[in-house]
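> Starting from these lines, generate the structure:
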Amino acid sequence: MNMNKWNPLVRARKTIMVLALASAVSLGGYEFLKPANASAASVASAYTAAAPAPALDDNSVNAISALDHAMEALAAHVTPAVVNVTVTSRNRGESAHVRGQGQDQQGQGDDQDDQGQDQNPFQRFFGQQMPQMRRGPQIEHGLGSGIVISPDGYIVTNNHVIDGAVDIRVTMNDRRVLPAKLIGADPLTDLAVIKVNGSNLPSVPWGDSAALKPGQTVLAFGNPFGFRFTVTRGIVSAVNRTNPYSDDARKPGQFIQTDAAINPGNSGGPLVNAHGEVIGINTFLISPSGSFSGMGFAIPAQIAKPIIDTLLKDGKIEHARIGVGISDLTPENATFFHMSKASGAVVSQVEPDSPGSKAGLKVGDVITEINNKPVEDAGSLQANISSERPGNKITLGIFRDGKMESVPVTLEAMNKKQMASAGEPGTKGKARWGVGLGELTPDLLDQLHLPSNVKGVVVTNVLPGSSADNAGLSRGDVIAEVNRRPVQSPADVQKELGAVPQGKDALVLVWSNGGSTFRVLHAAEAGQSSQGE
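The predicted structure is shown next:
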């Protein structure tokens with residue numbers, strides 16, 4: 001058969017088959033893509049139909065807008081008076097603070113180091129310090145904040161910001177950098193005054209911190225982490241917070257607590273109220289990380305202003321003292337002092353030859369008034385005394401053995417000598433109420449570095465979870481009284497505690513951490529023994 005004859009026919013059939021296959025693929029592709037195209041068109045249509053919601057009208061946000069405008073006006077009013085304080089200081093040699101090891105040159109809490117490593121929860125925020133040499137004298141640089149309080153250039157900051165400074169520079173809000181000189185400082189309250197040459201400088205007045213209530217709006221100003229002229233907003237979280245520093249019980253408390261963000265570098269900056277008045281000087285934060293965690297603290301204006309006025313006048317300040325240890329009268333210990341209201345400060349220690357001793361104050365007296373003004377707690381009494389000057393005469397109203405008495409006291413200058421704290425004991429004995437007891441021998445008194453006038457019974461062991469443990473007793477503490485009766489031996493303590501009726505609490509006077517405080521030992525729960533080892 002002649003194959004050439006059939007070749008055109010074969011080629012035609014092949015062409016028809018290819019065309020048919022292409023048509024089938026085209027139709028299949030169309031059917032496959034048709035739903036997708038339809039879906040995309042549907043989405044696009046829906047997107048076009050769902051137009052953005054209209055903005056809220058003015059009536060809906062008037063309150064928020066008004067608040068924003070008020071905060072803007074407040075910040076604009078205060079910010080020009082806020083300054084950045086840069087300090088160059090000379091390291092104090094081998095005894096100087098090593099950053100990040102939980103100690104501080106000033107003994108008032110730690111500043112944060114360059115790496116943010118800090119172990120002390122009471123964080124100072126002196127900013128960053130950068131040692132330049134490893135041996136010999138070291139030059140350190142630090143930064144903090146301040147507030148101009150007079151048009152001629154007087155500035156308030158913290159003592160720990162300028163302590164040890166050999167050069168102080170102040171950056172004004174208009175970016176001018178001016179040299180500053182130290183006018184005066186008070187380490188006890190952590191306040192200082194510096195001055196720059198100037199006139200008609202923006203300044204901010206003092207406010208009344210005694211009128212503050214939790215929940216009020218406040219603004220904190222400063223230079224956190226070197227970010228200059230920062231403002232944060234928050235509320236007053238609490239007032240009259242006690243002094244958290246264990247290194248010196250003489251330091252006044254009454255701190256303002258706020259959740260307005262405060263960080264390293266804010267130290268010395270102002271905390272202001274809604275009227276743009278300085279009601280506090282930012283001074284420390286409590287944080288496990290070294291940065292703000294919702295708890296910033298400021299020195300209240302009612303404590304700061306009298307100190308600043310004295311520094312402006314004299315360049316230094318001498319604090320007055322009564323020479324007594326005090327603690328709060330609380331609902332749980334008030335009945336032991338025959339008080340129906342838990343208001344006042346309990347005398348827990350009277351130093352020999354002190355103004356309090358000369359005036360006849362006794363351990364167990366409850367101070368309820370100072371110069372006819374009520375004393376709410378130990379902190380308020382301490383704040384009132386700190387505003388007095390040595391030589392001033394005051395009148396204390398005290399409650400003693402169920403009777404009110406007036407006691408005149410002539411204040412003396414505060415003794416700067418630090419009181420020793422208790423260390424580890426060396427004896428053990430029979431425990432009562434979960435506490436082990438030992439004789440306070442002369443050798444042990446010396447080992448614990450206790451003052452010679454401390455008398456009582458040493459705590460040698462505390463049972464975890466016991467009444468003594470819950471009351472905060474620890475090894476090395478000294479029990480001086482039980483239920484207002486002096487004790488000299490472990491047998492005295494056991495006798496007095498053993499005489500407490502079942503289910504009743506006991507009051508003990510304890511020397512601990514350089515001072516005496518009253519502690520309540522709560523009765524053991526039903527079914528538990530109060531005779532712990």
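
> Could I get the full set of helices for the stretch 201-350 of the chain?
301-314 (DSSP state H, counting those that start in this stretch).

> low-confidence ranges in it?
Low-confidence segments of the stretch 201-350 of the chain (pLDDT under 70): 245-250, 290.

> hey, where'd the strands end up in the stretch 251-400 of the chain?
Counting by DSSP state E, counting those that start in this stretch, the stretch 251-400 of the chain has strands at residues 255-258, 270-272, 278-286, 296-300, 320-321, 324-328, 345-350, 366-370, 373-374, 393-400.

> which residues sit against the fourth one?
In this structure, residues lying in contact with strand 296-300 by Cβ atoms under 8 Å, 6 or more residues apart in numbering are 189-191, 209-210, 212, 220, 239, 241, 254-262, 266, 271, 279-286. C-beta here means a position set from N, CA and C on the backbone, and glycine is covered the same way.

> now the fifth one
In this structure, residues lying in contact with strand 320-321 by Cβ under 8 Å, 6+ apart are 250, 354-355, 385-386, 388-392, 411-415.

> hmm, 7 Å instead?
Under the criterion Cβ atoms under 7 Å, 6 or more residues apart in numbering, residues 355, 385, 388, 389, 390, 392, 411, 412, 413, 414 lie in contact with strand 320-321.

> Among those residues, which one has the most neighbours?
residue 385 (22 neighbours; other Cβ atoms under 10 Å).

> Report the spatially closest residue to residue 298, excluding sequence-adjacent ones.
Nearest residue to residue 298 in three dimensions, chain neighbours excluded: residue 280, at 3.1 Å (Cβ to Cβ, 6 or more residues apart in numbering).

> Isn't the one you found up against residue 302?
No: with contact defined as Cβ atoms under 7 Å, residue 280 does not reach residue 302; the gap is 9.6 Å.

> Need the overlap of contacts for those two.
What both residue 280 and residue 302 touch, as defined by Cβ under 7 Å, 6+ apart, is the set residue 209.

> neighbour-wise, which of those two wins?
Neighbour totals were compared for residue 280 and residue 302, and residue 280 leads with 30 against 20 (other Cβ under 10 Å).

> quick one on the thing from earlier: so which of the contacts of strand 320-321 sits lowest on pLDDT?
Across the contacts of strand 320-321, the bottom pLDDT score, 78, is held by residue 414.

> wait, is residue 79 part of a helix?
Yes: the assignment for residue 79 (DSSP: H, G, I helix; E, B strand; the rest coil) places it in a helix.

> Let me know whether it touches residue 229 as I believe.
Yes: because the distance of 5.9 Å satisfies Cβ under 7 Å, residue 79 is recorded as touching residue 229.

> Give me the common contacts of these two.
With Cβ under 7 Å, 6+ apart, residue 79 and residue 229 have common neighbours residue 173.

> ok, those two, which is more surrounded?
The residue with more neighbours, out of residue 79 and residue 229, is residue 229; 19 against 16, by other Cβ under 10 Å.

> Please name every helix or strand in contact with the longest strand anywhere in the chain.
In the chain, ranked by residue count with DSSP state E as the criterion, the top strand is strand 230-241. Packing partners of strand 230-241 (3 or more Cβ pairs under 7 Å, 6 or more residues apart in numbering; DSSP states H and E): strand 217-222, strand 255-258.

> residues making contact with that strand?
71, 75, 79, 212-224, 253-261, 297, 379.

> I'd like the contacts of strand 320-321 as TSV, with distance to residue 451 appended.
TSV is the format used below for these (distance: Cβ to Cβ, whole Å):
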residue	distance to residue 451
355	18
385	22
388	25
389	27
390	23
392	27
411	22
412	18
413	20
414	17
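
> Tell me what residue 157 is bridged to.
Bridge pairing for residue 157 (DSSP bridges) gives the partners residue 192.

> any idea how far residue 145 is from it?
7 Å (Cβ to Cβ, to the nearest Å).

> list the residues that contact both of those two?
85, 268.

> gap between residue 482 and residue 227?
Taking Cβ to Cβ, one finds residue 482 at 55 Å from residue 227.

> more neighbours, the two?
More neighbours surround residue 482 than the other of residue 482 and residue 227, with 26 against 10 (other Cβ under 10 Å).

> coming back round to it: most tightly surrounded among the strands of the stretch 251-400 of the chain?
With neighbours taken as mean count of other Cβ atoms under 10 Å, these reach their highest mean count in strand 270-272, at a mean of 31.

> I'd like the strands of the stretch 251-400 of the chain laid out as JSON lines, including distance to residue 456.
Formatted as JSON lines, the strands of the stretch 251-400 of the chain follow (distance: least, Cβ to Cβ, whole Å):
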{"stretch": "strand 255-258", "distance to residue 456": "32"}
{"stretch": "strand 270-272", "distance to residue 456": "43"}
{"stretch": "strand 278-286", "distance to residue 456": "33"}
{"stretch": "strand 296-300", "distance to residue 456": "34"}
{"stretch": "strand 320-321", "distance to residue 456": "24"}
{"stretch": "strand 324-328", "distance to residue 456": "14"}
{"stretch": "strand 345-350", "distance to residue 456": "12"}
{"stretch": "strand 366-370", "distance to residue 456": "21"}
{"stretch": "strand 373-374", "distance to residue 456": "32"}
{"stretch": "strand 393-400", "distance to residue 456": "22"}
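
> out of the ones you listed, nearest to residue 498?
Across the strands of the stretch 251-400 of the chain, the minimum distance to residue 498, taken as Cβ to Cβ, is reached by strand 345-350, at 23.7 Å.

> Out of the strands of the stretch 251-400 of the chain, the one nearest residue 441 is which?
Of the strands of the stretch 251-400 of the chain, the one closest to residue 441 (Cβ to Cβ) turns out to be strand 345-350, at 21.5 Å.

> which residues are in contact with the closest one?
324-329, 337, 356-357, 361-367, 375, 377-378, 381, 509, 515-518.

> how does it look with 8 Å?
By Cβ under 8 Å, 6+ apart, strand 345-350 touches 323-329, 333, 337, 356-357, 361-367, 375, 377-378, 380-381, 398, 509, 511, 515-518.

> Just checking: what are the partner strands of that strand?
strand 324-328 (antiparallel), strand 366-370 (antiparallel).

> Can you add distance to residue 460 and give those back as TSV?
Shown next, in TSV, are these (distance: least, Cβ to Cβ, whole Å):
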stretch	distance to residue 460
strand 324-328	23
strand 366-370	31
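
> can you pull out the strands in the stretch 51-200 of the chain?
With DSSP E, counting those that start in this stretch as the criterion, the stretch 51-200 of the chain has strands spanning 82-90, 110-111, 122-124, 139-148, 154-157, 165-171, 177-186, 191-195.

> and the first one, which strands flank it?
According to DSSP bridges, strand 82-90 has the following sheet partners: strand 139-148 (antiparallel), strand 165-171 (antiparallel).

> Lowest mean pLDDT across those strands, which one is that?
strand 139-148 (a mean of 82).

> how about TSV for the strands of the stretch 51-200 of the chain, with mean neighbour count added?
Shown next, in TSV, are the strands of the stretch 51-200 of the chain (neighbours: other Cβ atoms under 10 Å):
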stretch	mean neighbour count
strand 82-90	23
strand 110-111	28
strand 122-124	24
strand 139-148	25
strand 154-157	26
strand 165-171	18
strand 177-186	17
strand 191-195	25
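
> burial of the spatially closest residue to residue 317 that is not a sequence neighbour, as a residue count?
Once flanking residues are discounted, residue 317 sits nearest to residue 310: 4.7 Å by Cβ to Cβ, 6+ apart. Using other Cβ under 10 Å, residue 310 has 19 neighbouring residues.
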